[in-house]
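Enquirer: coords please:
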Amino acid sequence: MRAMPSVFYQKIFPQETVDKPQYRLFLERGWYRVQQILMTTDFIVIDGMPRRSFEEIEFEGHFQYLEGEVGPVFWLRVNLKKLGRQKKHPFQNYIQAHFRVETTAFEYHQEYEELYAKYFEGVNFDASPTLFNYLFDNEGNDLFNSTAIKMYHHEKLIAFGIFDEGENCSAGIINCFDPAYKKYSLGNWLIQQKIQFALENQHDYYYPGYFCTRVPKFDYKLKIAPEATEVWIREAQQWISYSPDLLPNLENYIIHTF
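Expert: The predicted structure is shown next:
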């Protein structure tokens, strides 16, 4: 087997609805949905982001030329067959008693946009200025099978999470919540609900996107289910089990082929 080269950025523009079997195949190979395209990459620009420091600062192999301005990213998935019992959310009882939750097919409307605007004001990283721009192309096409989890306080939308469904799998796309309700850890709660949906629908995998070994803000994805998390190694074209000990070595991961 020949090792696959690293990818700086590749994208595909679907011309019609991406059906669930197609989407599963893309997710299995380290591709992801952004707006209405499918993309993959092994690097992001990290200029201006808080960075993680390792004792070894030199890159090897494909990373020699990056000089610290670009960080390697690795795609993740949660293998639901390995998933143990989820830890109870600290505000689960309060949420069940005071908030109303709905799970429906996603249809864009202004209520989502207004909440996204509140959320956008409080984020500390680059993001699309509108939810429409985050999800759609200029024509407003919707080519993916998306589901929304919505949380209401009385009749007010205070949080929502959107995920796409593939064949026997799903991919988290975005979570938003009203900053006024931040203390209830609604971002974490939405992730738990997406995992629960996947389990109830007998999915094999949940895909949360990528994380960067050089940028700790992505580390929350590693905490979703550490015992069941797997990392895509493009060079080997295979998924490997994640462990904290693996983190410092991922940048120099070498696959020996015979």
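Enquirer: show me where this structure has its strands.
Expert: Ranges of strands within the chain are 10-12, 32-34, 37-40, 43-45, 70-79, 100-105, 146-153, 156-166, 169-177, 205-212, 229-233, 238-241, based on DSSP state E.
Enquirer: looking at those, which is closest to Tyr119?
Expert: strand 169-177 (4.3 Å; Cβ to Cβ). The way it works is simple: take the backbone N, C-alpha and C, and place the C-beta from them, glycine included.
Enquirer: what lines up beside the closest one in the sheet?
Expert: Its sheet considered, strand 169-177 pairs with strand 156-166 (antiparallel), strand 205-212 (parallel) by DSSP bridges.
Enquirer: so what touches that strand?
Expert: 23-24, 27, 32-33, 77, 112, 115-116, 119, 131, 134-135, 146-147, 151, 158-164, 186-187, 190-191, 194, 197-198, 201, 203-209 (Cβ atoms under 8 Å, 6 or more residues apart in numbering).
Enquirer: now it: mean pLDDT?
Expert: Computed over strand 169-177, the mean pLDDT rounds to 97.
Enquirer: now swap in stretch 139-157 and tell me
Expert: Average pLDDT, stretch 139-157: 94.
Enquirer: ends of that stretch, what's the gap?
Expert: 26 Å (Cα to Cα, to the nearest Å).
Enquirer: can you give me the buried ones in that stretch?
Expert: Buried residues in stretch 139-157, counting neighbours by 16 or more other Cβ atoms under 10 Å, are found at Leu143, Phe144, Asn145, Ser146, Thr147, Ala148, Ile149, Lys150, Met151, Leu157.
Enquirer: just the buried members of the contacts of strand 169-177?
Expert: Buried by 16+ other Cβ under 10 Å: 23-24, 27, 32-33, 77, 112, 115-116, 119, 131, 134-135, 146-147, 151, 158-164, 186-187, 190-191, 194, 197-198, 203-209, out of the contacts of strand 169-177.
Enquirer: which parts of the stretch 51-200 of the chain are helices?
Expert: Counting by DSSP state H, counting those that start in this stretch, the segments of the stretch 51-200 of the chain that form helices are 92-98, 110-122, 131-135, 186-200.
Enquirer: adding distance to Asp219 and mean pLDDT, write those out as CSV.
Expert: Listed next are the helices of the stretch 51-200 of the chain as CSV, based on distance: least, Cβ to Cβ, whole Å; pLDDT from 0 to 100:
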stretch, distance to Asp219, mean pLDDT
helix 92-98, 23, 94
helix 110-122, 19, 91
helix 131-135, 22, 94
helix 186-200, 13, 95
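Enquirer: would you list these in JSON lines and tack on distance to Tyr242?
Expert: Formatted as JSON lines, the entries for these read as follows, by distance: least, Cβ to Cβ, whole Å:
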{"stretch": "helix 92-98", "distance to Tyr242": "26"}
{"stretch": "helix 110-122", "distance to Tyr242": "28"}
{"stretch": "helix 131-135", "distance to Tyr242": "27"}
{"stretch": "helix 186-200", "distance to Tyr242": "16"}
